[in-house]
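Q: A structural model of the following input is requested.
(one chain, ligands or ions: 2)
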Amino acid sequence: MSRPILTAAAMRRAEAAAPVGLDLLMERAGQSLAEAALRFAGPMPALVLCGPGNNGGDGYVAARHLAKLGLDVRVATLAEPATDLARAAREQWTGRVEALATAEPAPLLIDCLFGTGLKRGLEASLASRFKALAASASLLVAADLPSGVEADSGALLSDVPAADLTLAFGALKPAHRLMPAMARMGRLVLADIGIAADSQWHEIGAPVLPAIAADAHKYSRGLVHALAGTMPGAIALSAGAAARSGAGYVRVSTSKPIAALPLAVVQTGDAKLSDPRIGCLLVGPGMGDLPQLLTLALTSHAPKVIDADAIRHVGEPARLKGQDAILTPHAGEFSALFGELPGTKAEQALAAAEASGAVIVFKGADTLVAAPDGRLGFAPPAPAWLATAGTGDVLAGIIAALRARGMPAFEAACAGVWLHGRAAERAGPTMTADDLLAHL
Ligand SMILES: NC(=O)C1=CN([C@@H]2O[C@H](COP(=O)(O)OP(=O)(O)OC[C@H]3O[C@@H](n4cnc5c(N)ncnc54)[C@H](OP(=O)(O)O)[C@@H]3O)[C@@H](O)[C@H]2O)[C@@H](O)CC1
Ligand SMILES: [K+]
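A: Ligands and ions are numbered 1, 2, ... in the order given. Below you'll find the model as predicted:
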């Protein structure tokens, strides 16, 4: 299952197209916030911080429901409501409204200051007051987004205290899956408030992998051909990962024998790139300074995974047009090939896919998979311990195997990213890239 991801503007459109009124959407958002906070925190005294927009409106609704559920709840506000919806929600709150500047803290702090409407950082005095109230609370619950986070970019526009729980309304926003914001969400829960959220952008979910046919043979299951370069360890990780990710046959062309390769991986001195059985060609891991390997790879008609050093040698993104390629750059490799692109990470990934005609796996703590047709996958959070040498080689091998097994490029890349993250969870915090292979 993959969940749609909507920008702030797309969210407003979805909201306007909803079959029910905005007041009912706000009622559902506020009620679900109250119920989630109570379930998460238990019946502890709560302080709801309400901003001037509809995020604040959700707060007044949540306060009303928390009071109805028997909680000791107070409301503090920054300013009077600025929208009709928020004003109507404010009017239905029969309790007192305190000034945020002087409100006493509470063990449960509910942040309804700003959501998708935030466009600039919080003023310094407000940011420090918010931080102090958060520091005095035992639990911080954020409505839609932690206040200070920019919905579309995941940037922190001012200092944002980390929430313990974030309840996203209607659909996930890019910031829920982009750094640095992603690390401030705490547990992320999506509340269905009755919006039909449809998008070409989605969170990458568990993949459906191709079944192994009853009459399969090693070639029909997929042949991965990898080009070895100067660093044998990296190609051994990639080829090992491909062999363990369901490729029927993994072959490495190398000028000298590589001791670290699994026995099941065939080593050959001949590049054999015209072999029509090649389901995916892998170039880059351990390549070193041998740009001729990339040149050779680009003469092949087979689908390709282009990783690591090979990315730096592409030179012009347009050189990849018509190559049926998947590129797996980290941030440094990405800017080496595509330059400093404007916009959010999501926009940059899509622009790179369009410029190269390739599927781009823009790696990082917030990996994105972009297709030239505008589809964009956001990886669910993966363990920080994946940030260690060789894990990129493993990822390239997994994706090459899935591509050779017949998955389309975008789906293979998304599935590879998902499997890689889950393998790291299973391998645990002391893992090395070698250990990852045993958990695929
Ligand atoms: N999508 C849906 O289906 C539903 C959405 N819902 C909820 O609505 C939320 C979006 O509401 P929203 O658009 O009113 O924006 P919101 O985040 O409240 O802030 C805008 C206000 O803040 C102000 N402001 C901004 N920055 C500021 C700053 N630094 N310092 C001070 N002020 C600042 C800004 O003022 P302005 O920039 O105009 O001067 C404006 O007044 C969304 O996140 C969700 O919680 C639900 O109710 C149900 C259905
Ligand atoms: K908020």
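Q: Quick one: residues contacting residue 257.
A: Shown here is residue 257, whose contacts under the criterion Cβ atoms under 8 Å, 6 or more residues apart in numbering are residue 267. Where you see a C-beta, it was placed from the backbone N, CA and C, and this is true even at glycine.
Q: can you do 10 Å?
A: Neighbour list for residue 257: 232, 267, 269 [criterion: Cβ atoms under 10 Å, 6 or more residues apart in numbering].
Q: cool, and residue 95?
A: When contacts are counted by Cβ under 10 Å, 6+ apart, residue 95 touches 48, 60, 63-64, 67, 73-75.
Q: one step back: selecting buried members of the contacts of residue 257 in PyMOL, what would you type?
A: Under the burial definition 16 or more other Cβ atoms under 10 Å, those of those that qualify are selected in PyMOL by:
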select buried, resi 232
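Q: Among the contacts of residue 257, which are located in strands?
A: Assignment to strands by DSSP state E places the following of these there: residue 267.
Q: that older thread, buried by neighbour count, from the contacts of residue 95: which ones?
A: Burial by neighbour count, 16+ other Cβ under 10 Å: within the contacts of residue 95 this picks out 48, 60, 63-64, 67, 73-75.
Q: will you turn those residues into TSV that also has secondary structure?
A: As requested, the buried ones among the contacts of residue 95 are arranged in TSV below (DSSP: H, G, I helix; E, B strand; the rest coil):
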residue	secondary structure
48	strand
60	helix
63	helix
64	helix
67	helix
73	strand
74	strand
75	strand
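Q: can you list these in TSV and add distance to ligand 1?
A: Shown next, in TSV, are these (distance: Cβ to the nearest ligand atom, whole Å):
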residue	distance to ligand 1
48	13
60	10
63	14
64	14
67	19
73	18
74	20
75	15
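Q: What segments of the stretch 51-200 of the chain are strands?
A: Assigned by DSSP state E, counting those that start in this stretch, the strands in the stretch 51-200 of the chain fall at 73-77, 97-99, 108-112, 139-143, 165-169, 187-191.
Q: Redo those as a markdown table? Include mean pLDDT.
A: Below are those laid out as a markdown table (pLDDT from 0 to 100):
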| stretch | mean pLDDT |
| --- | --- |
| strand 73-77 | 98 |
| strand 97-99 | 97 |
| strand 108-112 | 98 |
| strand 139-143 | 98 |
| strand 165-169 | 98 |
| strand 187-191 | 98 |
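Q: Can I get those in JSON lines including distance to ligand 2?
A: Putting these into JSON lines (distance: least, Cβ to the ion, whole Å) gives the following:
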{"stretch": "strand 73-77", "distance to ligand 2": "13"}
{"stretch": "strand 97-99", "distance to ligand 2": "17"}
{"stretch": "strand 108-112", "distance to ligand 2": "5"}
{"stretch": "strand 139-143", "distance to ligand 2": "4"}
{"stretch": "strand 165-169", "distance to ligand 2": "8"}
{"stretch": "strand 187-191", "distance to ligand 2": "13"}
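Q: Would you format the ones you listed as TSV with distance to residue 294 included?
A: Conversion of those to TSV gives the following (distance: least, Cβ to Cβ, whole Å):
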stretch	distance to residue 294
strand 73-77	59
strand 97-99	63
strand 108-112	49
strand 139-143	45
strand 165-169	41
strand 187-191	39
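Q: right, and the ones you listed - which one's nearest residue 236?
A: strand 187-191 (36.8 Å; Cβ to Cβ).
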